[in-house]
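could you look at this predicted model? Sequence included:
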Amino acid sequence: MLYDAAASLWLLGAFLLLLLMLAWLSRQISLLIQLLIYHLTRSHDAPTVAIFLVFLPGVIIHEAAHWTVARLLGLRTGKFRVWPKHQGRHIGLGSVSVQSKGAFTDSLVGLAPLVVGTVVVTLVGGHIFDAYDMTASLAGGRYLGALIAFWRALGKPDGALWAYLLFAVANAMMPSAADREPVKPILLYSVLAATLYILLGLPLTPVASFMAQLTPALQTLISALLFTVILDAAALVILWIIRLVVAR
């Protein structure tokens, strides 16, 4: 049981690491697309519209997740916007006006796109692309086999369409600065509570049992996220090559 719990903790760490990698890749892809469009058009507005159109399915799901969770929690919602808008140094691709009702409730609304996006990524990556085949090859050190499994997955019927949906959702699901703001105190209190639980010597068996039950779900989730990270990395390389060619 303790071994299973330790394995789940490692998987949880891998999940968080992959999310951070995905967030970094998403930012780099957005910047490259905007630089490329600006180089081609010399327009200050065209890059903003381009990045919005590229991620449009993900933007719709992002804002719809905010709105849906807010309504389920009984919060008032106002203006629903799906269109890019400059917000200081950042670009907002959409927004939903939601009533504020405390840090916990606001955190649920703020994290809704990440949760919904992760579910979509898991469903598409796990069930459409069979991402576990690729990760199993990687775990066994069969790197060429993993690459073959990745390209074979993309070659499935409607593979390009599903890959685009996966790409758009994954790169639009990260919480914005405003979404993350109410989450900070919740994370701090959670860390303090977990530390106090351990220091007081409270029983770890229920925690270990719960973590062990998470293992199958985490394995599927990590496989799908790793597939998405590789897809993003491939897109980043392609965009970088195109920019080098266009810049000549």
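Perfect, thanks for sending it. Residues are numbered from 1 along each chain as shown.

in this protein, which spans are helices?
Assigned by DSSP state H, the helices in the chain fall at 2-41, 46-54, 56-72, 103-123, 131-139, 143-154, 159-170, 177-180, 183-199, 205-247.

and the ones you listed as a markdown table, adding mean neighbour count, distance to residue 87 and mean pLDDT?
C-betas here are computed from N, CA, C, even on glycine. Shown next, in a markdown table, are the helices of the chain (neighbours: other CB atoms under 10 Å; distance: least, CB to CB, whole Å; pLDDT from 0 to 100):
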| stretch | mean neighbour count | distance to residue 87 | mean pLDDT |
| --- | --- | --- | --- |
| helix 2-41 | 16 | 14 | 84 |
| helix 46-54 | 18 | 11 | 92 |
| helix 56-72 | 19 | 14 | 94 |
| helix 103-123 | 20 | 16 | 92 |
| helix 131-139 | 19 | 34 | 88 |
| helix 143-154 | 15 | 35 | 91 |
| helix 159-170 | 19 | 21 | 95 |
| helix 177-180 | 14 | 9 | 82 |
| helix 183-199 | 11 | 19 | 75 |
| helix 205-247 | 16 | 24 | 85 |
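
of the ones you listed, which approaches residue 91 most closely?
Closest to residue 91 of the helices of the chain is helix 46-54 (CB to CB; 5.6 Å).

that closest one: how far from the chain's middle?
19 Å (CA atoms, centre = their mean, to the nearest Å).

residues in contact with it: which ones?
Helix 46-54 is touched from outside by 30, 33-35, 37-38, 41, 59, 83-84, 86, 91, 93, 168, with contacts defined as CB atoms under 8 Å, 6 or more residues apart in numbering.
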